Structure formats: C-alpha cells, structure tokens
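[1] predicted model and sequence below, questions to follow.
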Amino acid sequence: RKADVPDDQTFLCFFEETCAAQYVSRNLMVDLEPNVIDDIKTSKYAKIFHSGCLLHGKQDAGTNFARGHYTVGTEVIDQVNYWLRKLVEHCDNFQGF
C-alpha cells in the first residue's frame, strides 16, 4: 500500500506497483509439477506474487532432463515466453537475469 512505501524507492527494481496500488514481486516461477506452485499460491506469502507469473505444467519430468526439455516442458513454453515478455516490457532498464 502507498502509506507503507518508504521514501527510498530502490525496492522498485524487485517489485512493481499494480493498478490497485499494491506491490508485487517481479519474478516468474515455473515448475512442471503443479504441487510446488500450488503450495506457493496457498502460502501466507501468496499476495506478494502476481498469480499469472506462477506457472506450472500438468506433470513433472521425474528428474529426467530430456523428458522435461523435449516433451513435458514444451507444453508450458508459450506461457513462459508470454509472461517473460510482459515482465521485460514493464522494465525501465532491463539488465539480464
């Protein structure tokens, strides 16, 4: 909330203000297993994350890189690219990952 914002605005490199005057973190969390992201969405810290930036697949890769990269991971890559593009577009000075 606006009343809680200090005069020092350096935290804005990690958080952005929404149209509802709240601050959410600038991050994109992706996991192929839905349970991990669901745990974050139901935790007490869920309000600091934008719900659209918490992406998950329908099943995990079972610690198999090839399965995650070539089969299961391809199902979420379009969503990841979309949200990553939106995060970068909202940056004033994008500087890597």
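    Structure received. Bear in mind that the values here come from a model prediction, so they are computed numbers and not experimental data.

[2] tell me the centre residue of the protein?
    Nearest residue to the geometric centre of the chain (CA atoms, centre = their mean): residue 28, 2.3 Å.

[3] how about that one, nearest residue that isn't a chain neighbour?
    Distance criterion CB to CB, 6 or more residues apart in numbering; nearest residue to residue 28, sequence neighbours excluded, is residue 53 at 5.0 Å. (C-beta placed from N, C-alpha, C; glycine too.)

[4] list the contacts for that neighbour?
    Residues counted as contacts of residue 53 (CB atoms under 8 Å, 6 or more residues apart in numbering) are 27-29, 83, 87.

[5] which among those residues gets closest to residue 10?
    Checking the contacts of residue 53 against residue 10 by CB to CB gives residue 27 as the nearest, at 17.0 Å.

[6] so which strand or helix has that closest one?
    In the assignment (DSSP states H and E), residue 27 maps to no helix and no strand.
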